[in-house]
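J.: 3D, please:
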Amino acid sequence: MDKIDKLKGSKTKLTPKEKAGILEDATAEKIAQEHFIPHIQMHEFETLLYSEPSAWSEFSTSAVNFIQGIADKYPDPEEINDGEETSPSKRIIGKFRTYSKRLNGIQIANQIGLLTMRKKCSHFDEWLTKLEDLKPLS
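T.: I've put the predicted structure just below:
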C-alpha cells in the first residue's frame, strides 16, 4: 500500500499535520529530487495569521479579540479548521467583509513576522528548517 492509499484507507482520524506529512512524503518520493522539499500548507495562508492576534490591531481593534478568541481554542494555528465554512479565511471574511488577502493579509503577515509564525506553526517551521538545512548545489 503506497502512502496515498494509506491516507485514503485510514480508519483512524488523522490530524491535518499527519495528512500533510503523508502527502509531502508521497510527493517527495514521486519527484525524487534531493532539493525538492514539498510543503502542504494545512488549510490556507490565513492559518499563519492566527499566530499573533495583536498584529491585527491596525486592521481593526475588534479583530484582535476575534482572532485571539479563535486562536485560544487550538494548540497550534495550523489546526484551525473545522470544515468548509469554518476555514481560517472564511472565519475572517465572515466577520470582516473588508478583509483582503492580498492587501491586509500581507500587511498582517509582515507585522507578525516569520519568527513568530515559526514559533507558533510547527509544520511550517519544520518545512523552513528542511530548506535551511539543504546542502548547496554542486
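J.: Pull the number of nearby residues for F124.
T.: A count of nearby residues for F124, using other C-beta atoms under 10 Å, gives 21. All C-beta spots, glycine's among them, are computed from the backbone N, C-alpha and C.
J.: Could you export the helix or strand where it lies as CSV, CA atoms only?
T.: Element membership for F124 (DSSP states H and E) is helix 122-132. Only the C-alpha atoms of helix 122-132 are listed here, as CSV (Å, rounded to 0.1, in the frame of the first residue of the first chain):
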residue,chain,number,x,y,z
SER,A,122,5.2,23.8,13.9
HIS,A,123,4.6,22.3,10.5
PHE,A,124,5.5,25.5,8.7
ASP,A,125,8.6,25.7,10.9
GLU,A,126,9.6,22.1,10.1
TRP,A,127,9.5,22.8,6.3
LEU,A,128,11.5,26.0,6.6
THR,A,129,14.1,24.2,8.7
LYS,A,130,14.4,21.5,6.0
LEU,A,131,15.0,24.2,3.4
GLU,A,132,17.6,25.9,5.6
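J.: Please enumerate residues in contact with it?
T.: Contacting residues not belonging to helix 122-132 are listed as 17, 20, 37, 39, 41-42, 48, 76, 78, 114, 117-119 [C-beta atoms under 8 Å, 6 or more residues apart in numbering].
J.: So for these, which is the shakiest by pLDDT?
T.: Lowest pLDDT within the contacts of helix 122-132 is found at M42 (74).
J.: Does that one touch A20 like I think?
T.: Yes: between M42 and A20 a contact is recorded at 5.2 Å, counting by C-beta atoms under 8 Å.
J.: Next one: R118 from L103, what distance?
T.: 24 Å (C-beta to C-beta, to the nearest Å).
J.: More neighbours: which of the two?
T.: Neighbour count, other C-beta under 10 Å: between R118 and L103, R118 has more, with 17 against 11.
J.: Kindly indicate whether the more buried one is helix, strand or coil.
T.: At R118 the chain is in helix, as set by DSSP: H, G, I helix; E, B strand; the rest coil.
J.: Spatially nearest residue to I40, not counting backbone neighbours?
T.: A20 (3.9 Å; C-beta to C-beta, 6 or more residues apart in numbering).
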